[in-house]
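1. here's a sequence, model it:
(chains A, B, C and D)
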Number of protein chains: 2
Amino acid sequence: MRGSQAPTLEAVARVAGVSRSTVSRVINNLPGVSKRAKLAVDTAIAELRYVPNQAARNLVTRRTNSIALVVSERGDRVFSDPFFAKILRGVYAGMTGSRRQLVLLMDQEDREDGALESYLCGGHVDGAVVVSLHRGDPLPARLVEAGLPVVLVGRPLSGIKVPYVDSDNFTGAAAAARHLITTGRRVLATIAGPQDMAAGVDRLAGWQACVPEPAERVAYSDFSVEGGARAMAELLAEFPDIDAVFAAADIIAVGALRTLAEHGKRVPDDIALVGFDDSVLATTTAPQLTTVRQDVEELGRTTTWHLLAQLAGDEPLPPSVLLPTELVERSST
Amino acid sequence: MRGSQAPTLEAVARVAGVSRSTVSRVINNLPGVSKRAKLAVDTAIAELRYVPNQAARNLVTRRTNSIALVVSERGDRVFSDPFFAKILRGVYAGMTGSRRQLVLLMDQEDREDGALESYLCGGHVDGAVVVSLHRGDPLPARLVEAGLPVVLVGRPLSGIKVPYVDSDNFTGAAAAARHLITTGRRVLATIAGPQDMAAGVDRLAGWQACVPEPAERVAYSDFSVEGGARAMAELLAEFPDIDAVFAAADIIAVGALRTLAEHGKRVPDDIALVGFDDSVLATTTAPQLTTVRQDVEELGRTTTWHLLAQLAGDEPLPPSVLLPTELVERSST
DNA sequence: TTGTAGGCGTTATCAG
DNA sequence: CTGATAACGCCTACAA
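-> Numbering: from 1, shown residues only, chains lettered A, B, ... in the order given. Next up is the predicted model:
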């Protein structure tokens, strides 16, 4: 991949009039090199524009000084989702001072199945943060089996033993339920998120743990405005007397709000609405959303720390971490 | 980076009862392997969960089967900018069928200067698409010197000889100027973009090439709403009689629009306004923006094709490509 | 069709 | 402090 002939350690050593070992020591800042030798080597390096060959270095050291952020989602979707933006920001923040490169990897639809996996297991990276897992995704288990250090953003649904960091979705949803109950609402409904992701499952579970009739009045939606609008319509059609709704995400709540407006329902007078995430959306709606806050950037940061600690061998680590969530009261309840 | 001891070619060969070369041939789908041998090898590979060591492979083949998308911008900014989202989408689209992995690299503020460069030159990737260059960024020249195939998104300002793909900013800006002139505007002004980026420079040049008094009535702004608002205010203060403004980006135009409203100027009655980009912003303003459309996704796609062609050795390639831009008339002129 | 042997550019372990 | 020398895991002529 280099023009004609990239200079090697050997070449530098010749020019500097020393041995390869000495050059290697200089490059890696190892002790035991005389000032004179170091100077000669530095000069030679500059002159030849020498850059160490990573492949050779990786081969012998068995480390690459880079970690991967793996997004198990189609690449073209990633950039438009603010969730990933925050995760990325957090991962970056978590890496400061670690002297490692971050490599962002996404699913490519046209690649054969194992491409991502063999890239990761093939020694391109020292470890991986994996985010956006859906039920049944075999990737994390495979990576762990292969011995690659991995930390997940979000609880895995498959029950595999992989360390993860997640927001406490269960407790957050429970708080939402309690809030609605204590503010006098009686006919409670929820729009649950996708049940192939832990966030969807756990928020539903937390809700159901606090609500009188857990199995009643549940609609499902993906994380989209349209889905939320549709689910709200279903709910309204089947249970016209509901006076409170917990939406499993702010974006779902936005859709619900739209449907409620179309049906002439006033929020919070006729129906109270609670969202989840405390994203920017929550303050741009009218009325502003009562919602459960999770700190997504912190999620990325903590996950990265966990991975780096694992790489550094700072055992023992907790197998998983739950970050607190918090109810934020605004005008929709 | 593998658990205890990752299996090697050697191990597979032993289990399969063949030589390393035969295993290698199977892995690389080379001809000249008997059915029996292939079967034995495949079985052994599955049994041992063998994954080829990339470092070793890279070292000898001198290729990595991955290309980099390098964003010369702080990582945490990248995800929030829709421009990069579109570029990424285009790059992905351009890679379909290429059997390569995409590695996204961004500046990390805490890294020493050469980290990105030595990562790229050290043989981690076969080539790079580099985007978002500011004047004086030494990266592309260094990469090219080191022999790494590189294609730039956007014309480099430094005059270095690196292939690039860009939108035809000059012609687009000229079209904006002509449009304002032919619709009867007389006192023309422009809010130019940052002059440390080609997009800013070229749009200003295109404008100045078509306007009666090129040096007159120019304000400068970065690509932000606030900058546009401020620049518009400057213009208004200094030249109260202007009746047309060309903003070098839609986001700048949004700011200008705000200032104009504050000053009681009607658009387009009192002042005509043209933007650049045809981003989503252009249709969310009131009035909707007349603007110059550029296809950013296409930009990413074409740049990637160019790089892949270069890697494939499909010479000779045009050193650079300009993608057409097009005036879109709406209500602001 | 298969196996043997040499080398890719580093690091690391030894003696000197 | 410095310099040989043996790996690291794989590919690739070349020979069988």
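
2. tell me how far A:V70 lies from A:V129.
-> Here A:V70 is placed at a distance of 7 Å from A:V129 (C-beta to C-beta, to the nearest Å). (Glycine included, C-beta is placed from N, CA and C.)

3. return the nearest residue of the stretch 51-200 of chain A with respect to chain B.
-> Taking C-beta to the nearest C-beta as the measure, the point where the stretch 51-200 of chain A comes nearest chain B is A:G147, at 2.6 Å.

4. can you report phi and psi for that residue?
-> A:G147 adopts backbone torsions of phi 90, psi 10, taken as degrees, to the nearest 10.

5. ok, A:T291 next?
-> With angles defined as degrees, to the nearest 10, A:T291 shows backbone torsions of phi -150, psi 170.

6. surely A:V254 is in contact with A:T283?
-> No. Between A:V254 and A:T283 there is no contact, the gap being 11.7 Å when judged by C-beta atoms under 8 Å.

7. in chain A, where is pLDDT below threshold?
-> Judged against pLDDT under 70, the low-scoring parts of chain A cover residues A:1-4, A:75-77, A:108-113.

8. could you redo the last one with a cut-off of 80?
-> Low-confidence segments of chain A (pLDDT under 80): A:1-5, A:73-82, A:107-115, A:132-133, A:314-317.

9. longest strand in it, please.
-> When chain A is parsed with DSSP state E, its longest strand is strand A:66-74.

10. helices and strands around that strand, which ones?
-> In terms of contacts (3 or more C-beta pairs under 8 Å, 6 or more residues apart in numbering or on different chains; DSSP states H and E), strand A:66-74 is packed against helix A:82-95, strand A:101-107, strand A:127-131, helix A:296-312.

11. the last one vs strand A:66-74, what angle?
-> Okay, so that is helix A:296-312. Our comparison of helix A:296-312 with strand A:66-74, counting by axes from the mean of the first three to the mean of the last three C-alpha atoms, to 10 degrees, yields an angle of 130 degrees.

12. next one: the third one
-> Put simply, strand A:127-131 runs at 20 degrees to strand A:66-74, going by the same axes, to 10 degrees.

13. give me the more crowded residue out of A:V254 and A:T283.
-> Neighbours were counted for A:V254 and for A:T283 using other C-beta atoms under 10 Å in any protein chain shown; A:V254 has more, 22 against 13.

14. so which helix or strand takes in that one?
-> Assigning secondary structure by DSSP states H and E places A:V254 in helix A:250-262.

15. buried ones in that helix?
-> Neighbour counts using 16 or more other C-beta atoms under 10 Å in any protein chain shown place A:250-260 of helix A:250-262 among the buried residues.

16. so after that helix, what's the next helix or strand?
-> On the C-terminal side of helix A:250-262, the nearest following helix or strand under DSSP H and E is strand A:272-277.

17. thinking again about what came up before, and the buried residues of helix A:250-262, which is closest to A:S158?
-> A:I252 (24.5 Å; C-beta to C-beta).

18. any idea how far B:T64 is from the residue nearest to the closest one when sequence neighbours are not counted?
-> Using C-beta to C-beta, 6 or more residues apart in numbering or on different chains and skipping the chain neighbours, the partner closest in space to A:I252 is A:G228 (3.5 Å). Computed as C-beta to C-beta, the A:G228 to B:T64 distance reads 43 Å.

19. swap in A:A286?
-> Here the distance between A:A286 and B:T64 works out to 52 Å (C-beta to C-beta).

20. these two: who's more crowded?
-> Shown here are A:A286 and B:T64; by other C-beta under 10 Å, B:T64 has more neighbours (24 against 10).

21. pretty sure that one is touching B:Q54, no?
-> Yes. Under the criterion of C-beta under 8 Å, B:T64 lies in contact with B:Q54, with a separation of 7.3 Å.

22. between these two, what contacts are shared?
-> Shared contacts of B:T64 and B:Q54 (C-beta atoms under 8 Å, 6 or more residues apart in numbering or on different chains): A:A55.

23. how far away from the center of its chain is stretch A:163-174?
-> For stretch A:163-174, the distance between its averaged C-alpha position and the chain's averaged C-alpha position is 13 Å (C-alpha atoms, centre = their mean, to the nearest Å).

24. any chance you could map the helices in chain A?
-> Defined through DSSP state H, the helices belonging to chain A, from first to last, are A:9-16, A:20-27, A:35-48, A:54-61, A:75-78, A:82-95, A:115-119, A:139-145, A:169-182, A:198-210, A:225-238, A:250-262, A:281-284, A:296-312.

25. would you list those in CSV and tack on distance to DNA strand D?
-> What follows is the helices of chain A, written out as CSV (distance: least, C-beta to the nearest atom of the strand, whole Å):
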stretch, distance to DNA strand D
helix A:9-16, 7
helix A:20-27, 3
helix A:35-48, 4
helix A:54-61, 3
helix A:75-78, 27
helix A:82-95, 27
helix A:115-119, 11
helix A:139-145, 17
helix A:169-182, 41
helix A:198-210, 35
helix A:225-238, 45
helix A:250-262, 45
helix A:281-284, 48
helix A:296-312, 19
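
26. burial measure for the closest residue to DNA strand C within the stretch 101-250 of chain A, as a count.
-> Nearest to DNA strand C in the stretch 101-250 of chain A, going by C-beta to the nearest atom of the strand, is A:G123, at a distance of 12.8 Å. Using other C-beta under 10 Å as the criterion, A:G123 is surrounded by 25 other residues.

27. that one touches B:A55, doesn't it?
-> Yes. Applying C-beta under 8 Å, one finds A:G123 in contact with B:A55, separated by 5.0 Å.

28. got any residues that touch both of those two?
-> A:58, A:64.

29. write out the residues of the stretch 101-250 of chain A neighbouring chain B.
-> Of all the residues in the stretch 101-250 of chain A, those in contact range of chain B (C-beta under 8 Å from any C-beta of the partner chain) are A:101-106, A:108-111, A:115-116, A:118-119, A:121-127, A:145-149.
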